[in-house]
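Asker: predicted coordinates and the sequence they were generated for:
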Amino acid sequence: MALSGGAATLAAALLATGFTAGTTGTASAQQSEHSPAATATALGLDAQEKLVVKDTIKDADGTTHTRYERTYAGLPVLGGDLVVHRAANGDVKDVSRATNARLAVASLQPKLAPKAAAASALRAATADVDDAAADQAPRKVIWAASGKPVLAYETVVGGVQQDGTPSRLHVVTDANTGRELYRHQAIHNGTGTSQYSGTVPIASKKQGSTYQLTDTGRGGHTTYDLKGGQSGKGTVFTDADDKWGNGLPSNNQTAAVDAAFGAATTWDFYLKTFGRNGIKNDGKAPYSRVHYGRNYVNAFWDDNAFAITYGDGAGNKKPLTSLDVAGHEFSHGVTSATAGLEYSGESGGLNEATSDIFGTGVEYSANNANDRGDYLIGEKIDVNGNGTPLRYQDKPSRDGRSADYWSAGVGNLDVHYSSGVANHFFFLLSEGSGKKVIDGVSYDSPTKDGSTVTGIGRDKALKIWYSALTKYFTSTTDYHEAREGTLKAATDLYGAGSTEVKAVDAAWAGVNVKG
């Protein structure tokens, strides 16, 4: 799971196979040199392994970062992703890998039948999922994210989680022994404020004599009304005079206004801050659904549906449709489209923290007088009943559950609490350590060793995290690898030995993640 290494080996392999990095020639020849097949050969992958391009990012200096998924004998390799970093002349600078293990599966014929794998997965899911049922037949995969790669089955378990959230639990079992290897919930939850953005502009599309809540300028984002249901897309919101909602939860359009405004604001944040045109950088928007269930106090991202869904909160009076919620859920989609951080262990904490970090960025970017930016998560909805936020980025343990600092067992925590390490890092990098008042909010951010960290500003911190996420993180990245990735990203952006690189190192040391 190293974030570095392999560059020299790959360069040598390129020479050995006749694919000389940096050689001038026709565009088609250079494309052939850097094709997935040529890259797989240069990496020394087995003949049965193939690389599939997932994403490519090009820096201003011409450096490219190509992210690949991997297959083995036609089977998906879970935890086999990697990123190849090439200089403008084609020379390989580095390779980021989810695993360094070599794929060597003795047989592709499983001893366990698919039905037995599905039964095992359903038994494993019963403690967490009600009405558990396999959404589809188990698929055969190679599990390479931890330990020795093995032939496995991946079963997706549907049903309902205990808080009413739909389930899409992925259970990976050894195809020969039936032993559970891994599980993660693909429905990603998040919470935040609601009904605090005031009167805001929202885009709509005229359809005949009425208006439809569709934003044609931002990838066609459309907002749907589930009307208390828990399945299907719902009904698209329409209005006769293009004046939507009244700010009260009793008006069913109010939640739709907040959802549409949140989606537009988040879209604009990614485009303005990072030049990213939508979740997959392809100009296409997800859709949003509001009024999910009854008294549902949550919101979630569904990668399969490519949608954000919002509940109406306790008593159906506080829809969870605010700016930081929209930014949080949208960002789960961006993480899926890039690093694909596994939603379990330390990578799961990094996944959740990424959504909190960019949710904070969205809230600040909006510059909305009714919901000012801060480093508090869910500060308006009062889930705790005492006016306190759900999470704090300056000192995450203030919520009574989250981790301020890295420790060997932090990956065993729920991902919403192991995320505290990265949230705290982000605050330290942005604002520094110690007591301070920012935009009227008091913070106190201590470091593990009592060191003093000087912040470099939120804008730079956001750009470093985004660069690391999209270029250096892989599906299995843990906290120490995240440190390496952000140091590389800061070096790319601001130069080796820069103040920013030193600040990244100091902020990670402040949360007990050291080289």
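Answerer: Now that the structure is in, tell me what you want to look at. Only a predicted model underlies this, so the values are computations on that prediction, with no experimental measurement involved.
Asker: residues touching Gly485, list them.
Answerer: 3, 96, 468, 471-473, 477 (Cβ atoms under 8 Å, 6 or more residues apart in numbering). Glycine gets a C-beta too; all of them are placed from N, C-alpha and C.
Asker: same thing but at 7 Å, please
Answerer: Taking Cβ atoms under 7 Å, 6 or more residues apart in numbering, we find Gly485 in contact with 3, 468, 472-473, 477.
Asker: which of those has the most neighbours?
Answerer: Compared across the contacts of Gly485, Phe473 has the highest neighbour count, 32 neighbours, by other Cβ atoms under 10 Å.
Asker: surely that one touches Glu342?
Answerer: No. Counting by Cβ atoms under 7 Å, Glu342 is not a contact partner of Phe473; they are 10.9 Å apart.
Asker: thinking again about what came up before, now, which of the contacts of Gly485 sits nearest Leu323?
Answerer: Ala468 (23.8 Å; Cβ to Cβ).
Asker: please tell me how far that closest one sits from Thr474.
Answerer: Here the criterion is Cβ to Cβ, to the nearest Å. By it, Ala468 lies 11 Å from Thr474.
Asker: what does His332 give?
Answerer: Taken as Cβ to Cβ, the span from His332 to Thr474 is 17 Å.
Asker: give the next helix or strand downstream of the helix or strand hosting Ala38.
Answerer: Using DSSP states H and E, Ala38 maps to helix 36-42. Sequence-wise, the next helix or strand downstream of helix 36-42 (DSSP H and E) is strand 49-58.
Asker: same question for that following strand: list its buried residues.
Answerer: 49-51, 55, 57 (16 or more other Cβ atoms under 10 Å).
Asker: just curious, which of these is nearest to Leu390?
Answerer: Distance to Leu390, by Cβ to Cβ, is smallest for Asp55 among the buried residues of strand 49-58, at 31.1 Å.
Asker: that closest one against Tyr68, yeah?
Answerer: No. With contact defined as Cβ under 7 Å, Asp55 does not count as touching Tyr68 (9.0 Å).
Asker: quick check: which ranges of the chain have low pLDDT?
Answerer: Residues of the chain meeting the criterion pLDDT under 70: 1-33, 188-196, 382-383, 385.
Asker: residue furthest from the geometric center of it?
Answerer: Distance from the C-alpha centroid of the chain peaks at Ser209, with 39.7 Å (Cα atoms, centre = their mean).
Asker: contacts only, for Ser288.
Answerer: Here Ser288 is in contact with 221, 223-224, 259, 263, 307-308 (Cβ under 7 Å, 6+ apart).
Asker: which of those fall within strands?
Answerer: With DSSP state E as the criterion, strands contain 221, 223-224, 307-308 from among these.
Asker: ranking by neighbours, what's the top pick from the residues you listed?
Answerer: Most neighbours among those, by other Cβ under 10 Å: Thr223, with 31 neighbours.
Asker: would you mind measuring from that one to Gln253?
Answerer: On the measure of Cβ to Cβ, Thr223 and Gln253 end up 9 Å apart.
Asker: what's the farthest-apart pair in the contacts of Ser288?
Answerer: Most distant of those, by Cβ to Cβ, are Tyr224 and Ala263, 12.0 Å apart.
Asker: the residue most central in space within the chain and Thr499, how far apart?
Answerer: Nearest residue to the geometric centre of the chain (Cα atoms, centre = their mean): Thr335, 2.7 Å. Applying Cβ to Cβ, the value for Thr335 to Thr499 is 28 Å.
Asker: thinking Gly311 is in contact with Val297, fair?
Answerer: Yes. Assessed by Cβ under 7 Å, Gly311 is found in contact with Val297 at 6.0 Å.
Asker: and these two? Which one has more around it.
Answerer: Gly311 (29 against 17).
Asker: so who does the residue nearest to the more buried one when sequence neighbours are not counted touch?
Answerer: The shortest distance from Gly311 to any residue other than its chain neighbours is 2.9 Å, reached at Tyr296 (Cβ to Cβ, 6 or more residues apart in numbering). Contact analysis of Tyr296 by Cβ under 7 Å, 6+ apart lists 164, 311-312.
Asker: wait, a strand at Tyr296?
Answerer: No. Tyr296 is assigned coil when assessed by DSSP: H, G, I helix; E, B strand; the rest coil, not a strand.
Asker: that one and Tyr343, how far apart?
Answerer: Tyr296 sits 20 Å away from Tyr343, taking Cβ to Cβ as the criterion.
Asker: now do Ala326
Answerer: The gap separating Ala326 from Tyr343 is 20 Å, by Cβ to Cβ.
Asker: of those two, who's got more company?
Answerer: A direct count of neighbours by other Cβ under 10 Å for Ala326 and Tyr343 places Ala326 higher, at 32 against 21.
Asker: show me where the stretch 151-300 of the chain has helices.
Answerer: 252-274 (DSSP state H, counting those that start in this stretch).
Asker: which stretches of it form strands?
Answerer: Listed in chain order, the strands of the stretch 151-300 of the chain (DSSP state E, counting those that start in this stretch) span 169-174, 180-185, 187-190, 205-207, 210-212, 214-215, 221-225, 235-236, 238-239, 287-292, 299-302.
Asker: which among those is found nearest to Ala104?
Answerer: Across these (criterion: Cβ to Cβ), the nearest stretch is strand 169-174, sitting at 15.6 Å.
Asker: residues contacting the closest one, please?
Answerer: Contacts for strand 169-174 (Cβ under 7 Å, 6+ apart): 78, 117, 120-121, 124-125, 128-129, 143, 150, 152-157, 179-186.
Asker: next, the angle from that strand to strand 180-185.
Answerer: Angle between the axes of strand 169-174 and strand 180-185 is 170 degrees (criterion: axes from the mean of the first three to the mean of the last three Cα atoms, to 10 degrees).
Asker: export strand 169-174 as PDB, just CAs?
Answerer: What follows is strand 169-174, C-alpha atoms only, in PDB (Å, rounded to 0.1, in the frame of the first residue of the first chain):
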ATOM      1  CA  LEU A 169     -23.600  -3.500   2.200                       C
ATOM      2  CA  HIS A 170     -20.700  -5.100   0.300                       C
ATOM      3  CA  VAL A 171     -19.500  -8.300   1.900                       C
ATOM      4  CA  VAL A 172     -16.300 -10.000   0.500                       C
ATOM      5  CA  THR A 173     -15.800 -13.700   1.300                       C
ATOM      6  CA  ASP A 174     -13.000 -16.100   0.500                       C
END
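Asker: in it, which residues are buried?
Answerer: Residues 169-174 are the ones in strand 169-174 that count as buried (16+ other Cβ under 10 Å).
Asker: and for stretch 123-130?
Answerer: Buried positions in stretch 123-130, judged by neighbour count with 16+ other Cβ under 10 Å: 124-125, 129.
Asker: what about it, start to end distance?
Answerer: 11 Å (Cα to Cα, to the nearest Å).
Asker: list the contacts of it.
Answerer: Stretch 123-130 has contacts (Cβ under 7 Å, 6+ apart) with 132, 157, 159-162, 167, 169, 171, 180, 183.
Asker: and if we set it to 8 Å?
Answerer: The contact list for stretch 123-130 (Cβ under 8 Å, 6+ apart) reads 132, 157-162, 167, 169, 171, 180, 183, 185.
Asker: repeat that for stretch 486-506.
Answerer: In contact with stretch 486-506 (Cβ under 8 Å, 6+ apart) are residues 3-4, 59, 63, 94, 428-429, 451, 453-456, 460, 463-465, 467-468, 471-472, 483, 508, 515.
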